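For reference, the sequence and a predicted model appear below.
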Amino acid sequence: MDAGFDEFLHVPARLSIVALLAPADWAEFGFIRDNVGTSDSALSKQITALANAGYVTVRKGRDGAVRRTHVQLTPQGREAFRRHAAALERIVAAAQVVPRPPPTA
């Protein structure tokens with residue numbers, strides 16, 4: 001397996017979350033949920049796992065009476081995503097190489 005491949009990050013829900021966060025500064029929980037297409041509880045579980053791994057930072061606060069949760073990639077998470085994406089690109093590129101037929105005798 002490619003050294004940059006991250007088994008933890010490769011879980012589809014986690015990969016979707018990190019890919020969504022990559023171009024952003026902070027993203028609101030509802031925005032992530034709606035774009036990833038998951039439930040609040042499933043998203044919360046994956047964000048907790050990513051936070052425990054050091055890949056995201058979570059900020060909770062209030063906007064008046066409404067609780068808001070925002071998520072941001074950490075530098076470690078950004079680097080892990082970059083390495084994992086590069087590993088996936090190498091895997092796909094290797095699959096696109098056309099093998100040469102064996103020489104005929």
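Perfect, I can see it now. Residues are numbered from 1 along each chain as shown.

what about Ala24, distance to Arg100?
Look at Ala24 and Arg100: by CB to CB, to the nearest Å, they are 44 Å apart. Yep, even glycine has a C-beta here, placed from its N, CA and C like the rest.

Comparing those two, which residue is more hemmed in?
Legend: neighbour count by other CB atoms under 10 Å for Ala24 and Arg100, higher for Ala24 (14 against 6).

what's the helix or strand for that one?
Secondary structure assignment for Ala24, by DSSP states H and E: no helix or strand.

What's the per-residue pLDDT of Thr48 here?
On the pLDDT scale, Thr48 is placed at 97.

and if you look at Ala105?
pLDDT, Ala105: 68.

now swap in Ala65 and tell me
We have a pLDDT of 89 for Ala65.

ok, so what distance separates it from Val58?
From Ala65 to Val58 the distance is 20 Å (CB to CB).

Settle it for me: which of the two has more neighbours?
Shown here are Ala65 and Val58; by other CB under 10 Å, Val58 has more neighbours (14 against 5).

Quick check: pLDDT value at the more buried one.
Predicted confidence (pLDDT) for Val58: 98.
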